[in-house]
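S.K.: Here you go, sequence then predicted model.
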Amino acid sequence: MPEERPLTALAGAVAGAVAGAATGVAIFLLLRQRDNRPEQGPSMPQNDGGNVQAKDQRAKKAGFTSKWTKPVVIASPALEPLAKEVRKRLGEEEYPESAGPTVTLDYFKSKDPNVKFNWTRVVGRKIIFLFDTVDQSRFFEQLSLLQALQGFAVPDGEDKGTKWKTYVNAGAYSWGRASHITVVLPWYRPCQMERTSRWHLTDDKWVNNNAEGQWLDVPNALYMARLLATPGSVPPLPGPNSSMDGMPLNPLWRPPLELLFVELHEEAPVARSVSDLGATIRMERFVPYFLDKFKGKPTYPGPNNMYILFPDHGAYSRYATSVRERLKLDWDHILYIKKTRVGESIGQEQKLFYEEDRTENEKSDHFNGSKDHILIIDDFTNSGSTLFGAVKLVKMYAGGSDQINVSIFVSHLVATYDPKTVDSLKEKLHELGKQCRFFTTNSIPSTTDMLKGDEQATVIDISDFIADMCS
């Protein structure tokens, strides 16, 4: 394989920037490299074995062509409406329908995935991949596409006569890659499966309260993250005849990869699980962003009459500092509820608590039903029971008043992914009265689309937030 020429690569990148498309970059680089290569066969790219560790097989910096080109946003079908808004925010080129899609996730008659992508639009580009973890039938095809973007073969056109059957053995192909890949996970479905319990089978029932349990559950949150962070493939032997992006083939260059989780339930275990794979892990919290927006509303009552309530101490530990920083509230205005456990049942203690100087205190005074505003915050909800239980406790602290203003915010409306659960949640919300409002994001469109048109519910578009995180 000939040595890469920086001036050739730079010329190609500038040409692509002027043209405003990655196609110019890829083709210009490819032609120049072929014109200048010696008369010899392809050489095998290195970094494909031996003692090289996975964390060393991925670059730390993006390929240079991404400096002059706009990022490319791709998504699974369920997240395509969100991706469309992110594209607008980032100024991505728009292609007419007649030009075809950048990515298509089709199926063969056998129902096996048939994934295609327009290589001229992704080679040498920064890719923002909105990854859908809700529709698990789409997981394999998305994962395959993610692998392909880290390194893909582009057969020489001459091989069309053989129906693309000989390019590998002849080394008659070029190697393309994205310049940088950000995998955005608006919602991470396996987020609660971050640890292992010992299980025991008794009378056909599974219990995890036996110290001698001989079964273990699989921590899916950790292993799914590892699948997402796995480095891309090596080129098939004997190897490509050129690089399409001006980046090295020998040793093999792979683009940087980052996983961006939006409001992940358990951050540390997931980040640790991929620490050996060389990927960058970003845990971005939406709650501080929401608090800034909430504070900017004309109806915001000010710090004297604003209270934040968390339905459990875990949520309090996660967000209390952000509340202090964003809203400047006193500690006795940042409250939480304790959980109670009786056998298999989990309930809520009918008291409110706050912490000050590392000391737990019980709230002793009542809310002012006509002036105070209470905002209940959590990262996600299934049935909404703990959130609505918190509302009822607030009303008790307001002397039974139904007029006290209460808002609920959850970053992710899971609702067990069931339309009936969403309907039940809306019914419970309406029963609490119009003074109770519900806020969430469109991180799970299949549930939040059902809230459209509801006077007491607001779905916040996270496209601006994602675009800001990826800019």
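M.R.: Yep, it's here.

S.K.: Point out where the stretch 251-400 of the chain drops to low pLDDT.
M.R.: Filtered on pLDDT under 70, the stretch 251-400 of the chain yields the residue ranges 341-345.

S.K.: let's see 90
M.R.: For the stretch 251-400 of the chain, applying pLDDT under 90 flags the ranges 339-347, 400.

S.K.: That one: strands as residue ranges?
M.R.: Counting by DSSP state E, counting those that start in this stretch, one finds strands in the stretch 251-400 of the chain at the ranges 257-262, 280-284, 306-310, 334-336, 339-342, 345-348, 353-356, 359-362, 373-381.

S.K.: Save these as a markdown table, and put in mean neighbour count too.
M.R.: Every residue, glycine included, has its C-beta placed from N, CA and C. Formatted as a markdown table, the entries for these read as follows, by neighbours: other Cβ atoms under 10 Å:
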| stretch | mean neighbour count |
| --- | --- |
| strand 257-262 | 22 |
| strand 280-284 | 16 |
| strand 306-310 | 24 |
| strand 334-336 | 24 |
| strand 339-342 | 10 |
| strand 345-348 | 12 |
| strand 353-356 | 16 |
| strand 359-362 | 11 |
| strand 373-381 | 23 |
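
S.K.: Turn those strands into CSV, columns for distance to R87.
M.R.: Formatted as CSV, the entries for the strands of the stretch 251-400 of the chain read as follows, by distance: least, Cβ to Cβ, whole Å:
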stretch, distance to R87
strand 257-262, 17
strand 280-284, 19
strand 306-310, 35
strand 334-336, 38
strand 339-342, 42
strand 345-348, 42
strand 353-356, 43
strand 359-362, 48
strand 373-381, 27
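
S.K.: Among those, which comes closest to R198?
M.R.: When the strands of the stretch 251-400 of the chain are compared by Cβ to Cβ, strand 339-342 sits nearest R198, at 18.9 Å.

S.K.: circling back: any idea which of the strands of the stretch 251-400 of the chain gets closest to M450?
M.R.: The minimum distance between M450 and those falls on strand 373-381, with 14.2 Å, by Cβ to Cβ.

S.K.: how far out from the middle of the chain is stretch 396-412?
M.R.: Distance of stretch 396-412 from its chain centroid, counting by Cα atoms, centre = their mean, to the nearest Å, is 30 Å.

S.K.: Quick one: end-to-end length of that stretch, please.
M.R.: The first and final residues of stretch 396-412 sit 27 Å from each other (Cα to Cα, to the nearest Å).

S.K.: Then stretch 145-155?
M.R.: Where stretch 145-155 begins and where it ends lie 18 Å apart, using Cα to Cα.

S.K.: ok, now stretch 356-363?
M.R.: Terminal residues of stretch 356-363 lie 12 Å apart, using Cα to Cα.

S.K.: Could you check the pLDDT of K70?
M.R.: K70 is assigned a pLDDT of 91 by the prediction.

S.K.: again but with F64, I slipped
M.R.: Turning to F64, the model gives it a pLDDT of 82.

S.K.: Make sure it is actually in contact with W253.
M.R.: No: here F64 lies out of contact with W253, judged by Cβ atoms under 8 Å, at a distance of 11.1 Å.

S.K.: out of those two, which sits in the busier spot?
M.R.: When F64 and W253 are compared for neighbours, W253 comes out ahead with 21 against 18, by other Cβ atoms under 10 Å.

S.K.: ok, and the closest non-adjacent residue to the more buried one?
M.R.: Counting by Cβ to Cβ, 6 or more residues apart in numbering, M247 is the residue found nearest to W253 once chain neighbours are left out, at 4.2 Å.
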